[in-house]
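**Student:** show me how the following folds:
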Amino acid sequence: MTIAEVLKDAVPRLAAAGLKEAQKDARLLLSFAVGRPKEFLFAHPEYGLSEEEQSSFIDAVQRRETHEPVQYITGRTEFYGLEFTVSPAVLIPRPETEILVENAVDQLRGKTAPRICEVGVGSGCISISILSELPDAAVIAVDISAAALDIARRNAERHNVLDRLGLRLSDVFDSVAEDSFDAVVANPPYISLEEIAGLDSEVRDFEPEMALTDGADGLAVIRKIVEDSYHKLAAGGVLFMEIGHCQSESVRTLLSPEKWFDVRLFTDLRSIPRVLRAFRL
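**Tutor:** Okay, here's the model as predicted:
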C-alpha cells in the first residue's frame, strides 16, 4: 500500500475513535513507521510501504485508537527546540513548561557558572534545555523514579550535557547534601487527587500518576519544595516552579515575606498563572 492509501484508511479510523486531530496523528505515526520526515509524506504520496513499515504503522494506529499518546507510541517529542526520548515512565513535556525554562535562562544568563537543582527531573527536558542554553551551568537533578532517571540520562547523553548533569534518586532534596544553589527549578505533581478523575483519558490513563498528583490536595510536594528550597538556595537565589491552574493564591501564601521577595507569576498562553518565581532573602 502507498502513503496515500494507508492514510486514507487510518484517518477515518482515528476520527471514529474520537481523536480531534486524526489527520495530524496519522501523519506523525506514519512518519515514525517509515522513518522519514513528515515532508516526505506530502512529497511522495505514491511511496509504497514495505511489509515491515506497514505492520509498524498498523500497530501504531491501533495503539492510538486507545488514546495512547502519540509521543509514547513514537518514543519522542519536541521541547524548547530539542527532541527528547519519552516513555510512560515520564510526563510528556508541555509547552507551558517552556515558560519556566525561558524565564530561568533569562534570569541566570550572564551569571558565572550557575549551580542549579531540579526537583522531579522526569525526561530531563527542563535541566537539559537550561544546560543547552547556559554552557557553563551545572545541575543536580533528582527524581523519585529510577526509570525516569534512566530516560533523563539517555536524553542528557544525546544532547551532550551529561558531564554537567548529576542525576540522583531522591524524594525532593533527601539525597541532596549540597546547598547555596543559584536556582531551584521544579515541575512538581500539582494535580489534586480529586481532579485526577476529570483529566483527559490520554493523561489519566497513560502518564505516570506519581508525576501528576501528590495523592492529596495538589500542594503537598509544593509545600515541601518551598520550605526546603529556602535552605538549599544561596541568598538571592531564585525558585522557579510550575503550578496548577487554580493554585496561584494558595502558593503565594506559602512564601513568607520574611524569607522570600520579588514574587512573580508568569502566565501561559491562556493567561493562567503557570510559573512561580521567587527570590530567597
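**Student:** mind naming the longest strand for this structure?
**Tutor:** If you go by DSSP state E, the chain has its longest strand at strand 233-242.
**Student:** which helices and strands does the next helix or strand after that strand pack with?
**Tutor:** Toward the C-terminus, strand 233-242 is succeeded by helix 248-252 as the next helix or strand (DSSP states H and E). The contact analysis (3 or more CB pairs under 8 Å, 6 or more residues apart in numbering; DSSP states H and E) places helix 248-252 against strand 260-267, strand 273-280. Just so you know, the C-beta spots here come from the backbone N, C-alpha and C atoms, and that holds for glycine as well.
**Student:** now helix 248-252, how far from the centre of its chain.
**Tutor:** 22 Å (CA atoms, centre = their mean, to the nearest Å).
**Student:** in it, what's buried?
**Tutor:** Judged by neighbour count using 16 or more other CB atoms under 10 Å, the buried positions of helix 248-252 are V251.
**Student:** average pLDDT across it?
**Tutor:** Here helix 248-252 scores 97 as its mean pLDDT.
**Student:** ok, and what's touching that helix?
**Tutor:** L219, I222, V226, M241, I243, V263, L265, P273, L276 (CB atoms under 8 Å, 6 or more residues apart in numbering).
**Student:** for the longest strand of the chain, which strands pair with it and how are they oriented?
**Tutor:** The pairing partners recorded for strand 233-242 under DSSP bridges are strand 181-186 (parallel), strand 273-280 (antiparallel).
**Student:** tell me the buried residues in the following helix or strand past the first one?
**Tutor:** Translated: strand 181-186. Later in the chain than strand 181-186, the nearest helix or strand by DSSP H and E is helix 193-196. Using 16+ other CB under 10 Å as the test for burial, helix 193-196 gives E195.
**Student:** for the record, mean pLDDT for helix 193-196?
**Tutor:** 94.
**Student:** coming back round to it: of the contacts of helix 248-252, just the buried ones, PyMOL syntax please.
**Tutor:** Command for PyMOL that selects the buried part of those, burial taken from 16+ other CB under 10 Å:
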select buried, resi 219+222+226+241+243+265+273+276
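**Student:** and the contacts of helix 248-252, which is closest to L30?
**Tutor:** Of all the contacts of helix 248-252, L30 sits closest to I243, with 37.2 Å by CB to CB.
**Student:** deepest-packed of the strands paired with strand 233-242, please.
**Tutor:** strand 181-186 (a mean of 25; mean count of other CB atoms under 10 Å).
**Student:** how far away from the center of its chain is it?
**Tutor:** The answer for strand 181-186 is 17 Å, by CA atoms, centre = their mean.
**Student:** how about stretch 74-91?
**Tutor:** 8 Å.
**Student:** with stretch 5-19 instead?
**Tutor:** 28 Å.
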